[in-house]
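1. Provide a 3D model corresponding to the input given below.
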Amino acid sequence: MLGRVLIAVAVVAALAAAPARAESHRVLLMPGVTYERQVQFTTYGPVAIHVVSAPRPGGLWTVRAHAAKDAAQGRERLTSIQERLSRESTVAGINGDVFSVADGRPHGITLTGGRLLTPPTGDRSSIGFGADGSLRVERVQFFGTWQGTGQRRPLTLNGVPGPNGVGLFTPSWGPTTPPVAGALVAVVHPFPTAVPNAELRGTVVAVGQNGPVAIPPDGAVLVARGSSVPRLAEEAPPGGGVTVRLLLSPSWGDVPEAIGGGPLLVRGGRAIFRHGEVFPTTLLQRGPRSAVAQLRDGRILLVVVDGKRRGYSVGMTNFDLAQALVRLGAVTAAALDADDSSAMAFDGTLLSRPSDPSGERAIANALLVTYAGVYAAPPSEPVLSPNGDGVADATALAYKLPRPSTVAVDLVGPGGVVRRLDAGAKDAGVYRFSWNGAAPDGSAEREGRWRLSVSAVDDLGRSSTAERVVELNRTLGSLSVSPATLRLRAGGPGLAARFRLTRPARVTGRVETRAGAVVAVLPTRQLRPAGHVLTWNGRTDGRLVHSGSYVFRVVAVNELGRAELAAPFAVRRLAG
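-> Below you'll find the model as predicted:
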C-alpha cells in the first residue's frame with residue numbers, strides 16, 4: 001500500500017497546482033524514471049499527454065509484459081496489477097493489448113519471463129523487448145503443432161480451438177479447461193513450461209470428454225474438436241508421449257518479454273501513416289491513446305493521451321500520436337489498446353484520467369517498467385516549516401526495499417552536516433520516519449536544503465541509491481483568511497489574508513479556484529519580518545468573481561527559496 005501514500009504526495013499534489021496551463025510538469029517517480037504531463041492546445045481542443053521516461057532496460061530496470069491475474073484470460077485493473085507487484089519492485093506502466101471483453105483473452109502475444117501465455121496475431125504488430133534492452137516491433141507469425149504417434153498436426157495455444165482443431169491449455173490459462181461440447185480432452189503430465197521454439201514433451205495420463213478438466217500445475221491439457229477427436233484418441237492414447245512445438249517467426253529467441261499491440265507508429269524516427277495492419281476504423285477517430293517508444297539513446301517512453309473529455313482533453317488520432325512521439329524523440333514506437341482502456345499508473349495510483357465511465361477499465365495485460373533497487377518516497381511536506389502554526393511542522397520520510405539489504409540512511413544538510421537516520425541489515429519492506437527540523441539535541445537545524453540519501457546493497461550484491469530533497473524554511477507561517485465566506489456585493493468589504501514572516505521576503509498573493517486555476521494575482525511586495533495583511537476586493541479583470549469555493553495562496557521567496565501557504569474560503573455573490 002506504500003504506492004498510494006507516495007504518489008499522492010509526489011505527483012498528484014505537484015500537478016494539481018496548474019492543471020489549466022499549457023505547460024509540462026515533470027516529477028521523479030523513482031531513480032532514473034520521470035513522469036511528465038503535457039497540455040497542448042489544438043484546433044480541436046486541449047490535449048493532455050502523459051509521459052513516463054525510463055532508462056534502457058537492463059540491470060535494476062526491466063520492462064515486463066504482465067498478464068491480468070497472471071493468466072492468459074481474465075481482466076484486472078492496471079492499478080491492481082501494480083499493487084500485486086509493488087512488494088518486489090517499484091512499478092510504473094500503462095495498459096496493454098486489445099482483448100476480448102467476454103473472457104479477457106488478449107488478441108495478440110503475451111510473453112512474460114520467456115513463458116508464452118498467448119500467441120501473436122500475424123496481421124498486427126507485436127511489441128517485444130530484447131535481452132539487450134532494444135524495442136522490437138514486428139509482425140510475428142505463430143506455428144503451433146502437436147505430435148503423438150503420427151505426423152505433426154496444428155494446434156492453438158490457450159484458446160478454444162476451431163470446429164476441427166486442437167488446443168493446448170497450460171496452467172497459464174487457469175485451473176481448468178473451458179467446457180467444449182463434443183470435445184476430447186487429454187491430460188498431459190508432466191509437461192514443461194510453455195516456452196517458444198522448443199520441443200516440449202509430456203505423457204498422456206488421462207483422456208476424457210467435453211471438460212472442464214483440471215490443468216495440472218506442472219502439466220497441460222489437449223482439447224480436440226470435430227475431425228481432430230479421433231486423431232487425438234488414436235495418436236495420443238493414455239501412456240503415450242506427446243511433443244508440442246510453439247514456433248514464432250521471426251523466432252525472437254532473444255526476446256523474453258512481449259505484448260500484442262500495433263499499429264507501428266514510428267520507424268527510423270519517422271511517423272508512419274499507412275501501417276497496413278488490420279484494425280477497426282475507430283483508430284482513425286480522435287480519442288484516448290496509448291503507446292510505447294524507444295529513443296535513440298535507448299531510453300523507453302510510455303505514453304498515454306487522455307480523451308473523450310471536452311474542455312480537458314479531446315484525444316488524438318493514431319497519426320497525431322505518431323507525430324507527437326517523433327517530437328518526443330522516438331526512433332521506434334507502436335500503439336497499444338486505446339479508447340477506454342488507455343491508462344497510466346505508478347505503484348497502484350492512476351496518473352492519467354481514463355475515459356471509461358467506471359474511472360478505470362479492467363484490462364487483459366499491461367506493459368510495466370519495474371525498478372528493483374531501493375526507493376525513497378517523496379517527503380509528505382517538501383517544504384518543512386516548523387513554526388508552530390500546525391502546517392508543515394513535520395514531514396514524513398520513507399524508503400522501500402524490494403529485497404533484504406544492508407542500508408545507510410542519512411539526512412544531509414547545509415554545510416555538509418550529516419544526520420544518520422538508519423543503518424544495518426534490513427528485511428524487505430517499507431521503513432518510515434518523521435522529521436520536525438530539530439537536531440538530535442532538540443535544537444533547531446539550520447535552514448536551507450536538506451537531502452534524504454539512502455544507499456543499499458541487496459542480498460544479490462546489487463547496489464542502488466535514492467535521494468529526495470526537503471527544504472527547511474521557517475520564513476512563512478500562520479496564514480488565515482477572513483471572512484471564511486465572503487459575501488460579495490459591489491462596494492462591499494473584501495477578503496483579508498493574515499500571515500507572519502520571520503525574515504524578509506518578496507510576497508505575492510493569489511486567488512485560485514479549488515482546481516488550481518488562477519483567478520487574481522496581487523502585486524508582489526518586499527516585506528520585512530512581522531505580521532502582515534493582504535486584501536482582495538473580490539474582483540478579477542475589474543469584475544466581481546462568481547460564487548464558489550476558492551483558495552488564497554501566499555508565496556514568499558527569499559535566499560532560502562520558495563515557501564507558500566494556502567487557505568480555503570468561499571464566495572457568495574449578493575444582489576445589489
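
2. From Pro120, how far off is Ser480?
-> 63 Å (C-beta to C-beta, to the nearest Å). Yep, even glycine has a C-beta here, placed from its N, CA and C like the rest.

3. ok, the two, which is more surrounded?
-> Set Ser480 next to Pro120 and count neighbours by other C-beta atoms under 10 Å: Pro120 wins out with 28 against 13.

4. quick check: domain ranges of this structure?
-> 19-138+256-371, 141-249, 375-472, 476-573 (automatic domain parsing).

5. how about the nearest residue to Arg115, chain neighbours excluded?
-> Thr193 (5.6 Å; C-beta to C-beta, 6 or more residues apart in numbering).

6. what's the neighbour count on that neighbour?
-> Applying other C-beta under 10 Å, I find that Thr193 has 15 neighbouring residues.

7. Stretch 290-306 spans what distance, first to last residue?
-> End-to-end distance for stretch 290-306, by C-alpha to C-alpha, to the nearest Å: 9 Å.

8. Please work out the average pLDDT along it.
-> For stretch 290-306, mean pLDDT is 98.

9. Just want to check the distance between the nearest residue to Ala396 once chain neighbours are set aside and Arg309.
-> Leaving aside its chain neighbours, Ala396 sits nearest to Ser380 (3.9 Å; criterion: C-beta to C-beta, 6+ apart). Relative to Arg309, Ser380 is positioned 30 Å away (C-beta to C-beta).

10. These two: who's more crowded?
-> Between Ser380 and Arg309, counted using other C-beta under 10 Å, Ser380 has the larger neighbour count: 20 against 16.

11. mind checking how far that one is from His25?
-> With C-beta to C-beta as the criterion, Ser380 and His25 are 19 Å apart.

12. Got phi/psi on Thr79?
-> Main-chain dihedrals, Thr79, degrees, to the nearest 10: phi -60, psi -40.

13. Can you pull out the low-pLDDT segments for this structure?
-> Scanning the chain for pLDDT under 70 picks out 1-24, 280-284, 490-491, 575-576.

14. Tell me the helices and strands packed up against the helix ranked longest in it.
-> Secondary structure of the chain per DSSP state H: the longest helix is helix 318-327. Helix 318-327 is packed against strand 264-267, strand 270-271, strand 289-295, strand 300-305, strand 330-335, with contacts defined by 3 or more C-beta pairs under 8 Å, 6 or more residues apart in numbering; DSSP states H and E.

15. Next, the angle strand 289-295 makes with the fourth one.
-> Think strand 300-305. 160 degrees (axes from the mean of the first three to the mean of the last three C-alpha atoms, to 10 degrees).

16. Run a quick neighbour tally on Asp254.
-> 12.

17. Distance of it relative to Val554?
-> Taken as C-beta to C-beta, the span from Asp254 to Val554 is 57 Å.

18. For the closest residue to Ser249 other than its chain neighbours, grab the count of nearby residues.
-> Residue nearest to Ser249 in three dimensions, not counting chain neighbours: Gln141, with 4.5 Å by C-beta to C-beta, 6+ apart. By the criterion of other C-beta under 10 Å, Gln141 has 15 neighbours.

19. Run through the residues that contact Gln141.
-> 120, 122, 248-249 (C-beta atoms under 8 Å, 6 or more residues apart in numbering).

20. How much space separates it from Pro414?
-> 62 Å.

21. that older thread, what about the residue nearest to Arg115, which SS state?
-> What DSSP: H, G, I helix; E, B strand; the rest coil gives for Thr193 is coil.

22. May I have the phi/psi pair for it?
-> Per degrees, to the nearest 10, the backbone of Thr193 is at phi -60, psi 140.

23. didn't it look like it was pressed against Leu117?
-> No - using C-beta atoms under 8 Å, Thr193 makes no contact with Leu117, being 10.8 Å away.

24. quick one, phi psi at the closest residue to Thr112 other than its chain neighbours?
-> Of all residues not flanking Thr112 in the chain, Ala65 sits nearest, at 5.0 Å (C-beta to C-beta, 6+ apart). Ala65 adopts backbone torsions of phi -100, psi 110, taken as degrees, to the nearest 10.
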